[in-house]
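1. Kindly return the folded structure for what I paste below:
(3 chains)
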Amino acid sequence: MRQSGFPVTLTTDFGYNDEYVGVLKGVILSINKGIPIVDLTHGIESQDIKQASDIIWNNFRYFPDGTVHLCVVDPEVGMSRRIIVLQVETHYFVGPDNGIFTHLLTSPETIEAYVVENRKLFLREISNTFHGRDIMAPVAARLASGMSITTVGPRIPRESCVIIGVKEPVLQRNGIHGEIINIDKFGNIRTNITRLYLDKIELGEKPRITLKSYEIELVHGSYGDIHDNLPAAIINSNGALEICVNRGNAARLLKVEKGERVFVRGNNRGWHEAEVLV
Amino acid sequence: MRQSGFPVTLTTDFGYNDEYVGVLKGVILSINKGIPIVDLTHGIESQDIKQASDIIWNNFRYFPDGTVHLCVVDPEVGMSRRIIVLQVETHYFVGPDNGIFTHLLTSPETIEAYVVENRKLFLREISNTFHGRDIMAPVAARLASGMSITTVGPRIPRESCVIIGVKEPVLQRNGIHGEIINIDKFGNIRTNITRLYLDKIELGEKPRITLKSYEIELVHGSYGDIHDNLPAAIINSNGALEICVNRGNAARLLKVEKGERVFVRGNNRGWHEAEVLV
Amino acid sequence: MRQSGFPVTLTTDFGYNDEYVGVLKGVILSINKGIPIVDLTHGIESQDIKQASDIIWNNFRYFPDGTVHLCVVDPEVGMSRRIIVLQVETHYFVGPDNGIFTHLLTSPETIEAYVVENRKLFLREISNTFHGRDIMAPVAARLASGMSITTVGPRIPRESCVIIGVKEPVLQRNGIHGEIINIDKFGNIRTNITRLYLDKIELGEKPRITLKSYEIELVHGSYGDIHDNLPAAIINSNGALEICVNRGNAARLLKVEKGERVFVRGNNRGWHEAEVLV
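-> Numbering: from 1, shown residues only, chains lettered A, B, ... in the order given. Here you go, the predicted structure:
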């Protein structure tokens, strides 16, 4: 009676209070009750395509082969934007062609792209405002049930898919200029400066990070290697520079928000401006 | 080892912070580990039976045949209110007999109703304050595992079930008087004015909606057909009139709350009071 | 294709906004797509090991035999704290050895304890800051798939596991001194005074509870037996004393927070201090 399916993950800006997420799951289970459904997050800020793109990219590999990632941050729903499916190795990604897959598309991964046009896969009635429910969820559920990606519609060049301007860190002679891209529930401050960038500069013996007027030390290790109540930078579990406070809330302590600039000094010379937090 | 089950959906006012929802799921899986469980929403406002009734009614059809909808907004738990099971086609609904199924019961659907009395189905110990866990979850899990509805207790007349006053829109010579029934995470303003009502009046060429002192245009299409930062009305994905702002938060812009009155003008004559938002 | 698994429950302080919970589930499903995963709660306050311990203890029995309870409140992640697995009857508990299992460990249950050391069970790359993902989730998933607990690492004495100071109520000649341990979404005030303690004192005919300057009546029954808008105490669904207001928010009405002291008077004599709330 139950047909086994591959997992479907959900990444949306729907939040947790409304019934929208539940309805997506109803549509998926209506096609195949054997699909395990996982909320990756519904905490994307309303219409923040960039944040969704980053989270999808950083986490999809923790899911099993064959997983279908349904990604619905869709401010242009009902307009002319396309709906696409990408295949990266054995993973599928279903979402609007609005830049939500920017990190994937600008990565060196081998990607096949298809545009969703086969109306036979959709719900019978298509609303103007909820294509996640009416189009994307049924397509995702069918892919998770083993349907070939070629059934969704014509193949398109990867280069034709929309990518948006994601601020990459800027490498300069004396260091890396990056920015805060997210603040988590613990107040940990995530930056867009990844190990990839850190490896490109000559870090001094005690590398220091500047955020606002604070000078922060880069610690090799875990939260526990940080003095209580003092901010420090670590390499987080996604391989990115993160500023945190052991047993405290760094964002609240430093009074920073998304978008604030972060600088990593590349060597020990020529660095006076920053004030040391005491 | 795993017995396949039909899905169980959960609709409660428990919120997301406490362990109550998790415990319901534990009870369900204790009866049948093969039941897929879906949170429809736990964001119902505390004890808002009316909101729960509306959400259940608008969304149950997106779930597969055989789904059991467990609905726990239960301010009278431990008192004399009955616990009932309704069957609508192949869907089952389990909840307190307090009006939570008002929209279902006042619909033209064919409904069979039963009162839950068979104590053999309950947990061994029944608390005074959590019948969702002790009575309703085990009954729902057994229905989802194929138990006949006749096992729960005696059949009762549908008319004996409690319905509560749900404010229907009022049709008048010159238009429809409705109200705001919900505001979603995006600030979209949902009204109780459905297509059913809109079809009953002669809408002018450019139908206009009045909310507070604002006059708002009805747009045929999607969010994208609305000017940025200007409110407009659309027919939403449930077929109801919704006031929204493309890429903005309508509820915040218009400073409105649940219960605020909304008026749809039926023709172009005799309409001066409303101020146009600039 | 799908291998059946036992359920895994998740109890964390991750909240609902970030992707951390979703990633845990990805790791679990990567090991076995047939594992039902249940969020017990992610609403534990950041780093509140005591609250987690209480919730795990009070609720694990509502889950089926064989369930694995993955508990990640882990402020010392990356430091020297051990990761342990406990077995209590047919239930398994995986988490850091930081006191998160204090209620279990100080209970009369028969418990076997193991330390997690078998690196073959972990993800290939271990971060410094997210052992929930890299170590605990894969171990939990394997236990839920039938792996023997002896595979995780050496058995350790139960007494060697960390327990933290959990404030037990204090019995005195004239009553029980307890405290508020949690406030739920409805504003219901949970105390650490359980039936076990109440049974030890001679309660007067109309037992009274003191909280701040309020004197509150103990009601035998359910919320419905309480006068609207007046606080009263009941025995809640976990067998603990809880102060609530029928159809109201007790915590807001009484302006109390976690940690506030609660006193249950043991008899009718010698009790003048408390003011009666009108």
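2. how close does the residue in chain A positioned nearest to chain B get to B:A251?
-> Closest residue of chain A to chain B, C-beta to the nearest C-beta: A:G78 (2.3 Å). All C-beta spots, glycine's among them, are computed from the backbone N, C-alpha and C. Remark: distance between A:G78 and B:A251 (C-beta to C-beta, to the nearest Å) = 21 Å.
3. Repeat that for A:R133.
-> 22 Å.
4. Let's see stretch A:170-177 as PDB, backbone CA atoms only.
-> The C-alpha trace of stretch A:170-177 is given here as PDB (Å, rounded to 0.1, in the frame of the first residue of the first chain):
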ATOM      1  CA  VAL A 170      36.700  41.100  -1.500                       C
ATOM      2  CA  LEU A 171      40.300  40.200  -1.200                       C
ATOM      3  CA  GLN A 172      42.700  43.100  -0.800                       C
ATOM      4  CA  ARG A 173      46.400  43.400  -0.200                       C
ATOM      5  CA  ASN A 174      46.000  43.600   3.500                       C
ATOM      6  CA  GLY A 175      43.000  41.300   4.200                       C
ATOM      7  CA  ILE A 176      39.500  40.200   3.300                       C
ATOM      8  CA  HIS A 177      36.500  42.500   3.400                       C
END
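5. re earlier: which one is the residue of chain A closest to chain B nearest to, not counting chain neighbours?
-> Nearest residue to A:G78, sequence neighbours excluded (C-beta to C-beta, 6 or more residues apart in numbering or on different chains): B:S222, at 2.3 Å.
6. Tell me how many other residues crowd the one you found.
-> Neighbour count of B:S222, defined by other C-beta atoms under 10 Å in any protein chain shown: 18.
7. low pLDDT regions in the stretch 151-278 of chain A?
-> Residues of the stretch 151-278 of chain A meeting the criterion pLDDT under 70: A:267-278.
8. need the helices for it, in chain order.
-> For the stretch 151-278 of chain A, the helices defined by DSSP state H, counting those that start in this stretch occupy A:195-198, A:250-254.
9. Just the buried residues of the last one, please?
-> In other words, helix A:250-254. A:A250, A:A251, A:L253, A:L254 (16 or more other C-beta atoms under 10 Å in any protein chain shown).
10. Could you pick out the residues of the stretch 51-200 of chain A near chain B for me?
-> A:P75, A:E76, A:V77, A:G78, A:M79, A:S127, A:N128, A:T129, A:F130, A:R133, A:D134 (C-beta under 8 Å from any C-beta of the partner chain).
11. Please identify which of the residues you listed is nearest to C:T106.
-> Closest approach to C:T106 among these (C-beta to C-beta): A:R133, at 48.5 Å.
12. returning to that earlier point: for A:G132, see how far away the residue of chain A closest to chain B is.
-> Distance from A:G78 to A:G132, by C-beta to C-beta: 12 Å.
13. and what of A:R124?
-> From A:R124 to A:G132 the distance is 16 Å (C-beta to C-beta).
14. And for A:G178, the neighbour number?
-> A:G178: 23 neighbours (other C-beta under 10 Å).
15. Tell me what it is bridged to.
-> Here A:G178 sits in beta bridges with A:V262, going by DSSP bridges.
16. Right, I'll call it a day here.
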